[in-house]
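Engineer: Need the 3D shape of this:
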Amino acid sequence: MKSALLTTVLTCLTGPALALSCLPPNVATTYSEVAASDKSYAVVHGTLSFDKSKLPEVDLNHQDQIPPHVDIKAQLSGKSLSKAGFEAKFDRPITLRAVCFGPWCGQPVSGEEYLSFLEQTDDGYILSVTPCGDYDFVDPTPEMLDKVTQCFKGDVCTP
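Structural biologist: Model prediction:
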């Protein structure tokens with residue numbers, strides 16, 4: 001009896017995880033993280049367009065074959081953040097990086113409006129989309145846009 005119970009417990013502990021737990025994303029938290037980073041970022045509010053067929057497909061039976069990320073050519077059209085708010089035109093190709101945590105991958109939606117934190121690299125801009133939504137906020141509210149503008153201006157930036 002003890003042996004059967006131990007086997008059941010060990011099987012549950014060593015089996016695949018079936019849930020991903022994420023803290024709710026918050027623009028002030030993300031802004032604080034990127035501001036403290038040694039990398040450069042641009043904050044853009046606009047429409048994201050890309051070929052959704054390029055997103056990674058999750059196969060729970062072959063989790064070991066899921067890449068850590070997939071880079072997809074995308075276009076982001078909108079306005080970038082300045083001290084005056086979202087006023088500077090931004091209409092550029094970017095790299096959309098769909099990041100995977102095991103079998104869970106970021107699933108952005110083409111044609112949707114985003115508040116995006118784009119990493120600036122020598123090769124252009126990268127938007128990393130994780131399963132937890134760390135750098136991308138779909139359909140941002142006016143309050144979210146106001147909060148990130150407030151953070152950018154150096155005002156109070158609390159989550």
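
Engineer: residue contacts, the residue most central in space within the chain?
Structural biologist: Centroid check for the chain by C-alpha atoms, centre = their mean gives V129 as the closest residue, at 2.8 Å. V129 makes contacts with L96, R97, A98, V99, G106, Q107, P108, Y135, D136, as judged by C-beta atoms under 8 Å, 6 or more residues apart in numbering. Glycine gets a C-beta too; all of them are placed from N, C-alpha and C.

Engineer: Widest-spaced pair of those residues?
Structural biologist: Greatest spacing in the contacts of V129, by C-beta to C-beta: Q107 and Y135 (13.9 Å).

Engineer: Contacts only, for the residue nearest to the residue nearest to the centre of the chain when sequence neighbours are not counted.
Structural biologist: Residue nearest to V129 in three dimensions, not counting chain neighbours: G106, with 3.4 Å by C-beta to C-beta, 6 or more residues apart in numbering. By C-beta under 8 Å, 6+ apart, the residues touching G106 are R97, A98, V99, C100, S128, V129, T130, P131, G133, D136.
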